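Asker: Have a look at this prediction, sequence included:
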There are 2 protein chains.
Amino acid sequence: MTGDDDRATSCDDDRTTIHVEPDPRLALETVRSGIEDGALVVVFGRCRVEYEGRAASELGPGDRLVVLKPDGTALVHTDEGQQPVNWQPPGSSHEASLVEGELRIESRRESPTERLSIRFETIRQLSTFDAADGSELALVGTEADLRERILEEPGLIEEGFRPLATERDTAAGAVDVYGEDDRGRTVIVELKRRRVGPDAAGQLRRYVDAVERELHADATVRGILVAPSVTDRAGRLLERHGLEFVALEPTM
Amino acid sequence: MTGDDDRATSCDDDRTTIHVEPDPRLALETVRSGIEDGALVVVFGRCRVEYEGRAASELGPGDRLVVLKPDGTALVHTDEGQQPVNWQPPGSSHEASLVEGELRIESRRESPTERLSIRFETIRQLSTFDAADGSELALVGTEADLRERILEEPGLIEEGFRPLATERDTAAGAVDVYGEDDRGRTVIVELKRRRVGPDAAGQLRRYVDAVERELHADATVRGILVAPSVTDRAGRLLERHGLEFVALEPTM
DNA sequence: AAGTCGATATCGCCA
DNA sequence: TGGCGATGTCGACTT
């Protein structure tokens, strides 16, 4: 059973189950057991998919990879694209059944009510895995890293800038970095880890407006957008509203 | 070879290859062939992952499902979450190699330069699939559907509303629906398929500002946000800037 | 290639 | 649970 041309159809041990072209009855049993046991269930085959919930969709027949996770996630992947063509978020409940002799996998959740239904014409392969992942992702180069960089070296914003608070609350939301310049004027800093468009300029504008209303009307509030770069349109928006830009990247 | 307790280790036909706990050399050969042939490659095993590009990340050992797509997509899925813990977008180039006797899969792309490296301590299963998907997703309930609904029945916005253009260009971007009310005043409509926050109010505000500057200064420009509902803060933002809200949902 | 914005966005944090 | 904003957002469309 080790040759390249073998026609293996089944394998089952403590941690892994595999079936090649299983009949629907065996597939049903295996998927049900996998869901029950908290396994990662992976099915590849020709299927149709329906979704109804926040929106509604229909997907005709095609070969797809379906993944059911023990946390209630369901993914339907085609041979293209990073995003699944259909999915169900974590917290959903998966259920398998036979409909007209075909395997159907349904995943539901409430609030909002959503239903995903996958029906297999053919099953080329079905696997279940007992998966254990003890490691956490360590990511650098985020907006939080940019903030730390500025707090450690406030002069990167400008000579004499003094940070007073992070996530300072305003009527418009929490300001990334709140401080004052060398002349005692209030400074609102909005951080972006990458090149920004008009939305970020609008966000900074809302914060500055809110703080200006909050302080006495004659106070000068400066708004500084800190990002690697800005688009033309965002730059004009900043200029129009008296906001400033400082080019800076997150450390990595 | 059909019993549940069989110990199959290999299967290979025209459209599918499967190996259970393959040795690294066989795994290398299979992954390389799969990439070369434009197959969907699926690996489950204990691995470590490194990423460097727009940001940088490290992920320690754990059981994960790795998917390589023929369009250059790479996905690393843990047993939790809808999103992959690491990934590479479509257009990347996958490459397999042996490093210190272990299978390593690397995926790279340029512009921006990004590199994803996956190294397997153990491989529990390795499959390649010849996948064909002829169907397109048909989705309803999007913002485009909401726009169609309004164009067919403009009175949903208000009595006497007349749409004149969609995606009308302004200095601030394209307005969803541009029209006028029963008194001939310009109306800017911004559509959202779901409950909106401050960002959408800011977006509408930018469009109205731009059109007011574009038209003669004394022209009255109304801004209407159309969505199922608004948050408190967004509602206050609309009110403060003289913008209006109409509750409406996309059809499904 | 870059800009802009939608998305069944998802995710994490915090009230 | 809802609000809010970040994301290695992705993806589609336009310039």
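Answerer: That came through fine. Numbers count the residues shown, from 1 in each chain, chains lettered A, B, ... in the order given.

Asker: which helices and strands does the one helix or strand residue A:46 maps to pack with?
Answerer: In this assignment (DSSP states H and E), residue A:46 forms part of strand A:40-52. In terms of contacts (3 or more CB pairs under 8 Å, 6 or more residues apart in numbering or on different chains; DSSP states H and E), strand A:40-52 is packed against helix A:24-36, strand A:56-68, strand A:114-129, strand B:40-52. For the C-beta atoms, the positions are set from N, CA and C on the backbone; glycine is no exception.

Asker: From residue B:43, how far out is the closest residue to DNA strand D within the stretch 51-200 of chain A?
Answerer: Residue nearest to DNA strand D within the stretch 51-200 of chain A: residue A:173 (2.7 Å; CB to the nearest atom of the strand). Computed as CB to CB, to the nearest Å, the residue A:173 to residue B:43 distance reads 43 Å.

Asker: which residue packs closest to residue A:134, ignoring adjacent ones?
Answerer: Closest residue to residue A:134 apart from its sequence neighbours, by CB to CB, 6 or more residues apart in numbering or on different chains: residue B:62 at 5.8 Å.

Asker: so that neighbour touches residue A:137, yeah?
Answerer: No. Using CB atoms under 8 Å, residue B:62 is not in contact with residue A:137, being 10.1 Å away.

Asker: Of the two, which one has the most company?
Answerer: residue B:62 (21 against 14; other CB atoms under 10 Å in any protein chain shown).

Asker: and the more buried one, bridged to which residues?
Answerer: residue B:47 (DSSP bridges).

Asker: residues from chain A in reach of DNA strand D?
Answerer: Residues of chain A lying near DNA strand D by CB under 7 Å from any atom of the strand: A:81-83, A:111, A:139, A:141-144, A:172-174, A:176, A:190-194, A:203, A:206.

Asker: Around chain B, which positions in the stretch 151-252 of chain A sit nearby?
Answerer: Contact residues, the stretch 151-252 of chain A versus chain B (CB under 8 Å from any CB of the partner chain): A:171-173, A:193-194, A:198-199, A:202-203, A:205-206, A:233, A:236-237, A:250, A:252.

Asker: Kindly recompute the last result at 7 Å.
Answerer: A:172-173, A:198-199, A:202, A:206, A:252 (CB under 7 Å from any CB of the partner chain).

Asker: Would you map out the domains in chain A?
Answerer: For chain A, automatic domain parsing gives the domain ranges A:10-129, A:143-247.

Asker: out of these, deepest packed?
Answerer: domain A:10-129 (a mean of 19; mean count of other CB atoms under 10 Å in any protein chain shown).

Asker: Now do that domain: distance to the chain's middle.
Answerer: 21 Å (CA atoms, centre = their mean, to the nearest Å).

Asker: what about it, near DNA strand C?
Answerer: Yes. Counting by CB under 7 Å from any atom of the strand, DNA strand C has neighbours in domain A:10-129: A:51, A:53-55, A:57, A:86-90, A:114, A:116.

Asker: Closest one to residue B:156 out of these, please.
Answerer: residue A:55 (19.2 Å; CB to CB).

Asker: residue boundaries of the helices in the stretch 101-250 of chain A?
Answerer: A:143-152, A:198-214, A:232-240 (DSSP state H, counting those that start in this stretch).

Asker: elements contacting the shortest one?
Answerer: For helix A:232-240, the packing partners by 3 or more CB pairs under 7 Å, 6 or more residues apart in numbering or on different chains; DSSP states H and E come out as helix A:198-214.

Asker: which residues touch the helix it packs on?
Answerer: Under the criterion CB atoms under 7 Å, 6 or more residues apart in numbering or on different chains, residues A:170-173, A:175, A:186, A:188, A:190, A:192, A:219, A:221, A:223, A:225, A:233-234, A:237-238, A:241, A:243, B:172-173, B:198-199, B:202, B:206 lie in contact with helix A:198-214.

Asker: again, only using 8 Å
Answerer: For helix A:198-214, the external contacting residues (CB atoms under 8 Å, 6 or more residues apart in numbering or on different chains) are A:170-173, A:175, A:186, A:188, A:190, A:192, A:219, A:221-225, A:227, A:230-231, A:233-234, A:237-238, A:241, A:243, B:172-173, B:198-199, B:202-203, B:205-206, B:237.

Asker: Over to stretch A:218-226?
Answerer: A:146, A:150, A:157-158, A:181, A:185-192, A:196, A:200-201, A:204-205, A:207-208, A:211-212, A:215, A:238, A:241-246, A:248.

Asker: now swap in stretch A:82-96 and tell me
Answerer: Counting by CB under 8 Å, 6+ apart, A:28, A:31-32, A:35, A:41, A:49, A:51, A:57, A:59, A:64, A:68-69, A:71-78, A:103-109, A:114, A:116, A:118, B:73, B:75, B:80-82, B:84, B:87, B:89-90, B:137 sit against stretch A:82-96.

Asker: again, but for stretch A:242-252
Answerer: A:140-143, A:145-146, A:148-150, A:156-158, A:193, A:201, A:204-205, A:208, A:222-230, A:235, A:237-238, B:55-56.

Asker: The same query, at a cut-off of 7 Å, please.
Answerer: With CB under 7 Å, 6+ apart, stretch A:242-252 has contacts from A:140-143, A:145-146, A:149, A:156-157, A:193, A:201, A:204-205, A:208, A:222-226, A:228-230, A:235, A:238, B:55-56.

Asker: With DNA strand C in mind, check whether that stretch reaches it.
Answerer: No. Judged by CB under 7 Å from any atom of the strand, stretch A:242-252 stays clear of DNA strand C, getting no closer than 13.3 Å.

Asker: how long is that stretch from one end to the other?
Answerer: 31 Å (CA to CA, to the nearest Å).

Asker: cool, stretch A:107-123 as well?
Answerer: With CA to CA, one end of stretch A:107-123 sits 18 Å from the other.

Asker: Quick check: mean pLDDT of that stretch?
Answerer: The pLDDT scores in stretch A:107-123 average 97.

Asker: near chain B, anything from that stretch?
Answerer: No. Using CB under 7 Å from any CB, stretch A:107-123 never reaches chain B; the gap is at least 9.9 Å.

Asker: Quick check: beta-bridge partners of residue A:16?
Answerer: Residues in beta-bridge contact with residue A:16 (DSSP bridges): residue A:129.

Asker: Return the residues of the stretch 101-250 of chain A in contact with DNA strand C.
Answerer: A:114, A:116, A:195, A:197-199, A:231-234.

Asker: can you rerun that using 6 Å?
Answerer: A:114, A:195, A:197-199, A:231-234 (CB under 6 Å from any atom of the strand).

Asker: Out of those residues, which two sit at the greatest distance?
Answerer: A:114 and A:232 (40.1 Å).

Asker: ok, residue A:128 to residue A:47 distance?
Answerer: Distance from residue A:128 to residue A:47, by CB to CB: 18 Å.

Asker: ditto for residue A:127
Answerer: Taking CB to CB, one finds residue A:127 at 16 Å from residue A:47.

Asker: any weak-confidence spans in the stretch 1-150 of chain A?
Answerer: Residue ranges of the stretch 1-150 of chain A with pLDDT under 70: A:1-8.

Asker: you'd agree residue A:163 is up against residue A:175?
Answerer: No. Counting by CB atoms under 7 Å, residue A:163 stays clear of residue A:175, with 10.9 Å between them.
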